[in-house]
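Novice: Sequence first, predicted coordinates after that:
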Amino acid sequence: MNMSANSKVIDVDVHNQLKSSDDLLPFLPEPWKSQVARLGIGIPDRGYPSPVSVIRKDCTPPSGSPAASDPEFLVKDLIEPFNIEYAILTGNMMDVSTMHDPDHAAAIASAYNDFLISEWLPKHPSFRGCMVVATQDPLLAVREIDRMAEHPEIVGIVIGSAQRTLLGQRHLHPIYEAAERHQLPISIHPGGEGAGISSAPTASGYPTRYIEYHTNLSQNYMAHVTSLVCEGVFEKFPNLKFVCLEGGIAWLPHLLWRLDKNYKGLRSSVPWLKRLPSEYIRSNCLFSTQPIEEPENPKHLLAIFDMIDAENILLFSSDYPHWDNDNPSKILRGLSAEATNKIFYQNAKSLYNL
Amino acid sequence: MAVHYVAGIDEIPEGTHKIVDVKGLSIGIYNVRGEYHALNNYCPHQGAKLCKGPVCGTNMESKVYQYIYGREQEIVRCPWHGWEFDIKTGKSLFSDKVRTKKFQLVIEGEKIGVVIGA
């Protein structure tokens, strides 16, 4: 956008990082405390090395600790230069949902949530947090949501899009009931596809290399959004909002059109839907901008925005400090002032009640 | 057109680089096997400080499933999205049309000067 001193920005995806797995030790009960001290956190590796490496090399704080692990440096490197009023901290723990042991996963999620409210959220007035839950045991996830949700600076829940099952399916509905009850939007975030107990990153198996894997993350998002709609999640929980982080947006017109077309003939298989599928997506789903697609002809992106009513469903995200992050002053030019304000600020402000 | 002396040759030994600020520009001066090259510290993609990225080689064009690693020390990768630029020309490796500005250098004795302006 065309940034000025008055440009208001809310960033919905900032990856605060642990300095090391030791950061969680004070917040872990046994037996997990000793296990993590010995072996580390235990989130499985998805196994796709990138030649660029996922973390930007120019984000290392002067202390030498990992990128985005130092709240003060994060403020200097991201919050201040880009005038960010609120940064929604999404961390790097969402792939607890790919762990084999549901109790281990739930313990890590809880420890991270306690670490987040103790070590990050008080550090700067712009910081707000997404709590993490693991989906392997939905009732443990509900317990965690009920435990954490009323903390004033917890504004959402983040779960990994890397899952063993599609997110709309019924065993996960207790999580959605709790989220809606506490008025917490759920963000889904990629990165663990193919790791641990999650399914292969693509519908026909495991790609060979990172470039293929990263490009096709959108596939998984299409599947999850379709599932959420068709399983009636937005009928059962009409006030629940989903934020699709980092999944891209240019595939959305295709999904809206194809799903609506199919619904016209196949409605009897989803008789609980009272509106067109695309209307549920428009009313209950939002999408973060990063990594913004970059067609040769920028007008094509604006055409897609037009098709999806972008100004009402997009949320700016930087994805700091990851390699594919976006610089808010360089992307999304050519939008009206009103659309810019909504995408960079107002939509997030309303969504998260900031 | 003016020459601005910004560094001594002893400050930039082979295989190293230095970022200098001159006339409002940030410029990276690289020593590639004894030859000096200067690039604008600005990535044409989203404006990252290009010269903060790693200097490396790359896998050159090859047959399918063949890897020919080479051009050691000749490539700078943007720290944000990894775009590769040829230090000697400022051109990206994926398109001749995508490039960062290259500055002419003047070496006078022990001093390195950057040519700025027409």
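Specialist: Received it, and whenever you're ready, just let me know what you need. Quantities reported herein were computed from a predicted structural model and do not represent experimental measurements.
Novice: Kindly list the main-chain dihedrals of B:Ile112?
Specialist: Dihedral angles of B:Ile112 (phi, psi; degrees, to the nearest 10) stand at phi -110, psi 130.
Novice: My guess is A:Phe316 contacts A:Ile343. True?
Specialist: Yes - the criterion here is Cβ atoms under 8 Å, and A:Phe316 meets it with A:Ile343 at 5.7 Å. For the C-beta atoms, the positions are set from N, CA and C on the backbone; glycine is no exception.
Novice: list residues touching both of those two?
Specialist: Jointly contacting A:Phe316 and A:Ile343 under the rule Cβ atoms under 8 Å, 6 or more residues apart in numbering or on different chains are A:289, A:332.
Novice: what about the residue lying closest to A:Met99 once chain neighbours are set aside, which helix or strand?
Specialist: Spatial nearest neighbour of A:Met99, excluding adjacent residues (Cβ to Cβ, 6 or more residues apart in numbering or on different chains): A:Ala105 at 4.0 Å. Taking DSSP states H and E as the definition, A:Ala105 sits inside helix A:102-115.
Novice: Run the chain-centre distance for the helix or strand following that helix.
Specialist: Going down the chain from helix A:102-115, the next helix or strand is strand A:127-132, by DSSP H and E. Its chain's average C-alpha position is 11 Å from that of strand A:127-132, according to Cα atoms, centre = their mean, to the nearest Å.
Novice: what does the model give A:Asn2 for pLDDT?
Specialist: A:Asn2 is assigned a predicted lDDT (pLDDT) of 58.
Novice: ignore the last one, A:Ile79
Specialist: pLDDT, A:Ile79: 94.
Novice: Does it touch A:Tyr86 like I think?
Specialist: No - with contact defined as Cβ under 8 Å, A:Ile79 does not count as touching A:Tyr86 (9.3 Å).
Novice: what angle separates the helix holding A:Ala105 from strand A:127-132?
Specialist: Orientation of helix A:102-115 against strand A:127-132 (axes from the mean of the first three to the mean of the last three Cα atoms, to 10 degrees) gives an angle of 170 degrees.
Novice: Most proximal residue of chain B with respect to chain A?
Specialist: Closest residue of chain B to chain A, Cβ to the nearest Cβ: B:Gly82 (3.2 Å).
Novice: Give the helix, strand or coil label for that residue.
Specialist: The three-state assignment at B:Gly82 reads coil, by DSSP: H, G, I helix; E, B strand; the rest coil.
Novice: And it, how close does it get to A:Ser318?
Specialist: Taking Cβ to Cβ, to the nearest Å as the criterion, B:Gly82 is separated from A:Ser318 by 17 Å.
Novice: Same drill for these two, tell me which one is more crowded.
Specialist: A count of neighbours by other Cβ atoms under 10 Å in any protein chain shown puts A:Ser318 above the other of B:Gly82 and A:Ser318, at 24 against 17.
Novice: dump the residue contacts of the most centrally placed residue in chain B.
Specialist: The residue lying closest to the centre of chain B (Cα atoms, centre = their mean) is B:Ile87, at 3.6 Å. Contacts for B:Ile87 (Cβ under 8 Å, 6+ apart) come out as B:30, B:32, B:37, B:39, B:55, B:73-76.
Novice: neighbours around the residue nearest to A:Met99, how many?
Specialist: Using other Cβ under 10 Å, A:Ala105 has 28 neighbouring residues.
Novice: Same check on A:Arg143?
Specialist: So A:Arg143, with other Cβ under 10 Å, has 15 neighbours.
Novice: what about it, is that helix, strand or coil?
Specialist: helix.
Novice: one step back: farthest-separated two in the contacts of B:Ile87?
Specialist: Greatest spacing in the contacts of B:Ile87, by Cβ to Cβ: B:Leu39 and B:Gln73 (13.9 Å).
Novice: more crowded one of the two?
Specialist: Taking neighbours as other Cβ under 10 Å, B:Leu39 and B:Gln73 compare with B:Leu39 leading, 25 against 17.
Novice: if we can go back for a sec, between A:Ile79 and A:Tyr86, what contacts are shared?
Specialist: Residues touching both A:Ile79 and A:Tyr86 (Cβ under 8 Å, 6+ apart): A:Ser126.
Novice: ok, now which ones touch A:Ala310?
Specialist: Each residue near A:Ala310 by Cβ under 8 Å, 6+ apart is listed here: A:249, A:304, A:339, A:343.
Novice: For the third one, grab the count of nearby residues.
Specialist: Using other Cβ under 10 Å, the number of residues around A:Ala339 comes to 18.
Novice: what about it, which SS state?
Specialist: Going by three-state DSSP: A:Ala339 is helix.
Novice: Which members of the contacts of A:Ala310 additionally contact chain B?
Specialist: The subset of the contacts of A:Ala310 within reach of chain B, by Cβ under 8 Å from any Cβ of the partner chain, is empty.
Novice: Counting neighbours, which of those comes out on top?
Specialist: A:Ile343 (26 neighbours).
Novice: Identify the residue nearest it in space, chain neighbours excluded?
Specialist: A:Leu314 (4.6 Å).
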